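J.: With the input below, show me the fold.
(2 chains)
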Amino acid sequence: MEMAEGILLTIVTAATPLLFAALGELIAERSGVLNLGVEGMMAVGAVMGFAAGHVTGVPVVGVLAGIIAGAVTGGLFGIVTLVFAANQNASGLALTLFGLGLSGLIGNSYTGMPGLRLPHVHISILSDLPIVGSVIFGEDPLVYVAIALTIAVWLFLFRSYAGLILRSVGDNDVSAHALGYPVLRVRMLAVLFGGACAGLGGAYLSLVYTPQWTQAMTAGRGWIAIALVVFGTWLPGRIAVGALLFGAVNILQLHAQAIGLGIPSQFLSSLPYLITVVALVLISRNQTLLKVHTPACLGRTFVPDN
Amino acid sequence: MRRFLGAAVAAGLLIAASSGAQAAKLKVCWVYPGPHNDGGFSQQHDIGRLDVEKALGDKVETSFVESVQEGPDSERVIERLARGGCGLVFTTSFGFMDPTLKVAGKFPNVKFEHMSGYKTAPNMSTYNLRWYQGRYVQGQIAAKVSKSGTAGYIVSFPIPEVVMGIDAFMLGAQSVNPNFKVKIVWVNTWLDPGKEADAAKALIDQGADVLVQHTDSPAAMQIAEERHIHAFGQSADMLKFGPNAQLASLVDNWGPYYIKEVNSVLDGSWKMHQTWAGMADDDVLVEPLKNMPDDVKKMAEGSIADIKSGKLVVFAGPVYKQDGTLVTKPGEVMPDKDIDSINFYVKGITEQLPGK
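T.: Got it, this is the predicted structure:
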């Protein structure tokens, strides 16, 4: 495999878990709920995905288990913040800690075990094209799911009635409620979807990226996903670009070290995060751009006053 | 009434005596930087702890705290162990050095042993393994097995212990192929499977066909297996992650050392020491030798035997720095304290050491 092809493949693989988690968080935030617990949900998805795959011997079952586990964990957050009207930020942080701890506990008996890997797709002629062949036609199936999900989320948000309701709940919950839309139910469904996607992103880590389980293997990706949602101004296309950018900087800094460019490795390691911060600052300079797409009720607790 | 009182006093004395005898059992405690079953570094320490239990279970009680972050938080953990009655505490990572020193100052009656550091106190020893001996053999094997003449080395932080490993690896490789190259990637973490896998992929894409690591997860071994190249495991045998890829693993065998130290506390002979054990004490193993031609295996076994007997010394002169300066003259041997604080790459490595 040539170097360019290898690099592109690795970038796409690195971006995929971020994209899953960020798309899920996008839907949740578009409905007005700020769920800071993405890291915890990803961790639970990763461990349950690995465990289910290990127990059944079928990686796809692992993926499904990761999705369900993520959704259940998201559901917990939903109950706490939507039913009991607790503060969303605090609950999200608590969810992160809870998810990381729970995943460590469940994963105790699975540490140090090699896992199953979802096999890559191979379409005879197309996958063998030089450079772009395996990148476009030879990825693991979840990469294609991520691309499809990005398109699906865009269609849902901007071309469907249900998406319109979701956005209106996120922009003005009081008016939506007055119009008769079930604000809390919409938000709960959005949070469940967010959890499911985060779980899928986590399962991707333990079933495709590095088929094993290690405590805290999510390594902060959940937080990057949350940042990506803002970085992409709550638009699915831009979020996908952001995920690829973060993945690309991550991989290229490793290559820069391997080539021996002489730039200190500590600086290169911090580069992906630096670039994300710079991008966020640049976006925030244009207040109009931000205001147009920021869900106006993001993070606000809604209590229907019947 | 008197008989009852007598029986009660006798029972009370018996209980006090037996609990007194139990309190006399030495509590030995370990602090790990990762999970006790990480399949690598921390697990090997835990196996050493279990060896102590097997050998001395009737005289000691062991316990451990795992996944302790290096830095200030570890001080809290170490202090809690000392306060909770541990008589001997092993802190098993470089980053625990200053916290251990601080707690050792507060608890002069508790004995501490810090792995891989260089600060000591009257009740704090340091201990380390001469992993670089194993790295030398790995370098020799890599140079024989590699077709591209380039190895990929995945490392964590530029501390002397890591740098001496890279240097020893290169010296070993150069003894077989003077033009052998190594590409080095610093991931700035001891354990992050995703990053280690990314580093492995980057190194392979850049032309490396043998991977070496000084990080703790088997992720790189898995990538090596997938891409049909070779790799060396770290701390524990990683063969199940790379059945066709693993050439050998640098195995930490802590059992003999830990049993020795616990015995020295039990019989009162424990003194502050700075130990650097190695192949000669069976604490560093390079095994199992697989996936290589028989003549390479024989060469490796020969080198291991020579290092064990002292015939082959890794940092024996001439040793040149990257810029060509002669650090150790031919016929001389680099002193331990210089190896322990090594901060340069040897000649033949073209990359820059971070922080220089």
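
J.: From now on I want contacts and neighbour counts done on CA atoms only, so please keep to that.
T.: Will do.

J.: any low-confidence regions in the chain?
T.: As the question left the chain open, I've gone with chain A. Chain A contains residues with pLDDT under 70 at A:1-2, A:124-125, A:127, A:131, A:306.

J.: ah, I was thinking of chain B
T.: Checking chain B against pLDDT under 70 turns up B:1, B:4, B:6-23, B:355-356.

J.: Now it against chain A: closest residue?
T.: residue B:39 (4.2 Å; C-alpha to the nearest C-alpha).

J.: Helix, strand, or coil at that residue?
T.: Here residue B:39 is coil, with the state taken from DSSP: H, G, I helix; E, B strand; the rest coil.

J.: Pop out the phi and psi values for it.
T.: Phi and psi for residue B:39, reported as degrees, to the nearest 10, are phi 70, psi 10.

J.: my guess is it contacts residue A:110, does it?
T.: No - between residue B:39 and residue A:110 there is no contact under C-alpha atoms under 8 Å: 10.2 Å.

J.: returning to that earlier point: what residues are up against the residue of chain B closest to chain A?
T.: Applying C-alpha atoms under 8 Å, 6 or more residues apart in numbering or on different chains to residue B:39 gives the contacts A:111-113, B:217-218, B:236, B:238.

J.: My guess is residue B:162 contacts residue B:214. True?
T.: Yes - contact criterion C-alpha under 8 Å: residue B:162 and residue B:214 qualify, at 7.0 Å.

J.: where does the stretch 201-350 of chain B come near chain A, residue by residue?
T.: Residues of the stretch 201-350 of chain B lying near chain A by C-alpha under 8 Å from any C-alpha of the partner chain: B:201-203, B:205-206, B:219, B:222, B:240-241, B:350.

J.: which two in these are spaced the farthest apart?
T.: The span of these, defined through C-alpha to C-alpha, is set by B:240 and B:350 at 33.6 Å.

J.: related to what we said a few turns ago, who wins for most neighbours among the contacts of residue B:39?
T.: residue B:218 (35 neighbours; other C-alpha atoms under 10 Å in any protein chain shown).

J.: My understanding was that it contacts residue B:238; is that so?
T.: Yes - if you go by C-alpha under 8 Å, residue B:218 and residue B:238 touch, sitting 6.6 Å apart.

J.: which bits of chain A sit near chain B?
T.: A:1-3, A:6-7, A:10, A:108, A:111-114, A:205, A:209-210, A:212, A:214-215, A:217, A:219, A:251, A:254-255, A:257-266, A:269.

J.: ChimeraX command to pick out the buried ones of these?
T.: In ChimeraX syntax, the buried subset of the residues of chain A next to chain B is picked out as below (16 or more other C-alpha atoms under 10 Å in any protein chain shown):
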select /A:3,6,7,10,108,111,112,113,114,205,209,210,212,214,215,217,219,251,254,255,257,258,259,260,263,264,265,269
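
J.: can you map out the helices along chain A?
T.: For chain A, applying DSSP state H gives helices covering A:3-30, A:38-56, A:59-78, A:88-107, A:124-127, A:132-137, A:141-159, A:161-171, A:173-178, A:183-204, A:221-231, A:236-259, A:265-285, A:287-293.

J.: where along the stretch 251-356 of chain B do the strands fall?
T.: Assigned by DSSP state E, counting those that start in this stretch, the stretch 251-356 of chain B shows strands spanning B:274-277, B:284-287, B:319-320, B:326-328.

J.: The closest residue to residue B:195 other than its chain neighbours: what's it in contact with?
T.: Counting by C-alpha to C-alpha, 6 or more residues apart in numbering or on different chains, residue B:195 lies nearest to residue B:187, which is 6.7 Å off, once chain neighbours are set aside. Applying C-alpha under 8 Å, 6+ apart to residue B:187 gives the contacts A:254, A:265, A:269, B:154-157, B:195-196, B:199.

J.: Give me the nearest residue to the residue of the stretch 101-250 of chain A found nearest chain B, chain neighbours excluded.
T.: Nearest to chain B, among the residues of the stretch 101-250 of chain A, is residue A:112, at 4.2 Å (C-alpha to the nearest C-alpha). Take residue A:112 and drop its neighbours on the chain: the residue closest to it by C-alpha to C-alpha, 6+ apart is residue B:39, 4.2 Å away.

J.: What separation do you get for residue A:48 and chain B?
T.: Distance of residue A:48 to chain B, given as C-alpha to the nearest C-alpha, to the nearest Å: 17 Å.

J.: quick one on the thing from earlier: dump the strands of the stretch 251-356 of chain B into JSON lines; add mean neighbour count as well.
T.: Shown next, in JSON lines, are the strands of the stretch 251-356 of chain B (neighbours: other C-alpha atoms under 10 Å in any protein chain shown):
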{"stretch": "strand B:274-277", "mean neighbour count": "16"}
{"stretch": "strand B:284-287", "mean neighbour count": "23"}
{"stretch": "strand B:319-320", "mean neighbour count": "20"}
{"stretch": "strand B:326-328", "mean neighbour count": "15"}
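
J.: and of these, who's closest to residue A:57?
T.: strand B:284-287 (30.0 Å).

J.: residues making contact with that closest one?
T.: B:129-131, B:134, B:137-138, B:237, B:248-253, B:278-279.

J.: Mind exporting the C-alpha coordinates of that strand to PDB?
T.: In PDB, the C-alpha atoms belonging to strand B:284-287 read as follows (Å, rounded to 0.1, in the frame of the first residue of the first chain):
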ATOM      1  CA  VAL B 284      14.500  -9.200  32.000                       C
ATOM      2  CA  LEU B 285      13.500 -11.800  29.500                       C
ATOM      3  CA  VAL B 286      13.300 -11.700  25.700                       C
ATOM      4  CA  GLU B 287      10.900 -14.400  24.800                       C
END
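
J.: Partner strands of it and their direction?
T.: Sheet pairing of strand B:284-287 (DSSP bridges) gives strand B:246-252 (antiparallel).

J.: Distance from the partner strand to the middle of the chain?
T.: 12 Å (C-alpha atoms, centre = their mean, to the nearest Å).

J.: try stretch A:134-147
T.: From the chain centre to the centre of stretch A:134-147 is a distance of 16 Å (C-alpha atoms, centre = their mean).

J.: sorry, back to before: mind putting the strands of the stretch 251-356 of chain B in TSV, distance to residue A:169 included?
T.: Compiled in TSV, the strands of the stretch 251-356 of chain B are given as follows (distance: least, C-alpha to C-alpha, whole Å):
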stretch	distance to residue A:169
strand B:274-277	66
strand B:284-287	62
strand B:319-320	69
strand B:326-328	71
